[in-house]
Structure formats: C-alpha cells, structure tokens
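# Pasted the sequence and its predicted model underneath.
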Amino acid sequence: MINEKQITSISKFLSLVLRHQPEIIDIELDQNGWTDVETLLEKSNRYGIEIDKETLKHIVETNSKKRFAFNEAFDRIRASQGHSVEIELGYASQKPPEILFHGTGEKSVTSILDTGLEKQSRQQVHLSADLETAIKVGQRHGKPFVFIVLAEQMFNDKFEFFVSENGVWLTDNVPTKYLKQNDEE
C-alpha cells in the first residue's frame with residue numbers, strides 16, 4: 001500500500017485534473033464533470049502519476065473532505081465541487097439552514113466587506129454548515145476569519161442554494177447585507 005504522502009500527492013493531482021485542467025492528461029469531463037475511470041488511470045500513469053484502481057478507490061473512500069465521487073457502477077469519477085471548468089453538477093436547489101459559515105483569511109475580510117462573497121475562479125461560492133469546518137478552510141488562507149451567512153434570509157429573497165455530495169453548500173454569490181462577522185473567534 002502507498003503512504004500518506006503519496007496519497008496526498010495523488011489527491012492533489014486528481015483535484016487538478018478533475019476540477020481545473022483535464023487537458024493536462026488529455027481527458028474529457030462530460031457536462032456533469034464525470035470521466036471514465038479506466039481512461040483516467042491510463043492517462044495518469046502515462047503522465048507519470050502511478051495510480052491503480054485500488055488506490056483510486058482508497059482515495060475516494062478515505063478523503064476526509066469527500067472531494068471525489070464514483071457513479072453507482074464505479075466506472076466514472078468526478079470531483080464533488082470546486083470546479084473552475086464549466087460543468088453542471090446536477091444538484092437540485094435546496095432550502096439551506098438559517099445560517100451557514102464562510103471561512104477565509106483575515107487579509108480578505110476588507111475586500112469581502114466591500115464586495116460580498118464572489119465565486120471568483122470557481123463556479124460557486126462555498127459555504128460550511130458548521131463553524132469548525134469554516135475555521136479549517138480559513139486556516140488555508142492565513143489567520144482564519146469566519147463570516148456568518150444569513151442563508152435562510154437569502155433563500156427567502158430568492159437566492160438559490162445547492163448542497164454537494166460532500167456537504168458543502170453552494171450559491172452564486174453572497175451580497176454584504178447577508179454577511180455578519182463572527183464574534184466567537
């Protein structure tokens with residue numbers, strides 16, 4: 001079995017080709033982000049990233065953020081969210097909880113207070129259902145800062161929300177009037 005460092009490296013590679021740059025290994029994602037598992041394995045190995053089906057299955061099953069998903073037949077795979085390439089994940093609009101959270105780095109707070117939360121290079125803004133996850137996300141960007149998002153109020157004002165297979169809430173943008181600063185940090 002491969003070690004944790006190799007698993008992390010392969011997971012990052014999969015994020016790159018399944019979310020952002022499938023052309024690196026000459027794979028195609030369908031309109032919902034799916035690609036053929038055998039083709040992914042063959043072209044990844046040809047590119048120099050050694051992955052077999054057992055390793056791929058292990059990464060999908062054990063990834064703490066559930067970044068990837070297989071279809072029911074286990075012959076297609078996709079990233080659960082976070083794409084910068086244009087795809088339609090096929091999630092149905094859902095009513096969110098009263099509040100959601102958005103973790104970021106302190107250095108981004110002023111800009112967010114000016115413009116709200118914008119999707120930037122991603123297809124949608126990512127929100128967390130719990131404070132702990134939002135703090136972890138924020139830590140990836142320096143000293144963490146968490147915004148409270150008035151999600152139910154947004155929903156009542158006709159904003160759409162979706163929830164990905166791994167529990168990340170998605171929406172197109174969050175205007176500043178729906179953001180509150182978290183005082184519990």
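Thanks, I have the structure now.

# OK, contacts around Arg122?
For Arg122, the contact set (Cβ atoms under 8 Å, 6 or more residues apart in numbering) comprises Gly82, His83, Ser84. To be clear about C-beta, it is placed using only N, CA and C from the backbone, and glycine gets the same treatment.

# For the residues you listed, give me TSV that also has neighbour count.
Shown next, in TSV, are the contacts of Arg122 (neighbours: other Cβ atoms under 10 Å):
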residue	neighbour count
Gly82	20
His83	21
Ser84	13
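
# Burial check on Gln120, number of neighbours?
Using other Cβ atoms under 10 Å, Gln120 has 7 other residues around it.

# go on, Asp52?
Asp52 has 12 nearby residues by other Cβ under 10 Å.

# can you tell me how far the closest residue in space to it that isn't next to it in sequence sits from Ile7?
Distances taken as Cβ to Cβ, 6 or more residues apart in numbering put Leu41 closest to Asp52, at 6.8 Å, once the chain neighbours are dropped. Leu41 sits 16 Å away from Ile7, taking Cβ to Cβ, to the nearest Å as the criterion.

# picking up where we left off before, of all the contacts of Arg122, which comes closest to Asn32?
Nearest to Asn32 among the contacts of Arg122: His83, at 10.5 Å, using Cβ to Cβ.

# which residue sits closest to that closest one in space, ignoring its chain neighbours?
Arg19 (4.9 Å).

# now Lys66
Spatial nearest neighbour of Lys66, excluding adjacent residues (Cβ to Cβ, 6+ apart): Asn166 at 3.2 Å.

# same question, Pro144
The shortest distance from Pro144 to any non-neighbouring residue, by Cβ to Cβ, 6+ apart, is to Gly138 (2.9 Å).

# Same question for that neighbour, what's its three-state structure.
helix (DSSP: H, G, I helix; E, B strand; the rest coil).

# tell me the contacts of Ser11?
Ser11 sits next to Ile59, Asn63, Arg67 when contact means Cβ under 8 Å, 6+ apart.

# which of those has the most neighbours?
Ranking the contacts of Ser11 using other Cβ under 10 Å puts Arg67 first, with 23 neighbours.

# Hmm, Glu165 and that residue touching each other?
No. Applying Cβ atoms under 8 Å, one finds Arg67 not in contact with Glu165, separated by 9.7 Å.

# And for Leu117, the neighbour number?
22.

# bridging residues for it?
Val174 (DSSP bridges).

# low-confidence ranges in this structure?
Filtered on pLDDT under 70, the chain yields the residue ranges 1, 121, 183-185.

# domain ranges for it?
Using automatic domain parsing, the domain parsing of the chain gives 4-79, 100-181.

# Strands of the protein, start to end?
Using DSSP state E, the strands of the chain run over 35-36, 68-70, 76-79, 100-105, 117-118, 125-127, 144-149, 162-163, 169-171, 173-174, 179-181.

# Lovely, talk soon.
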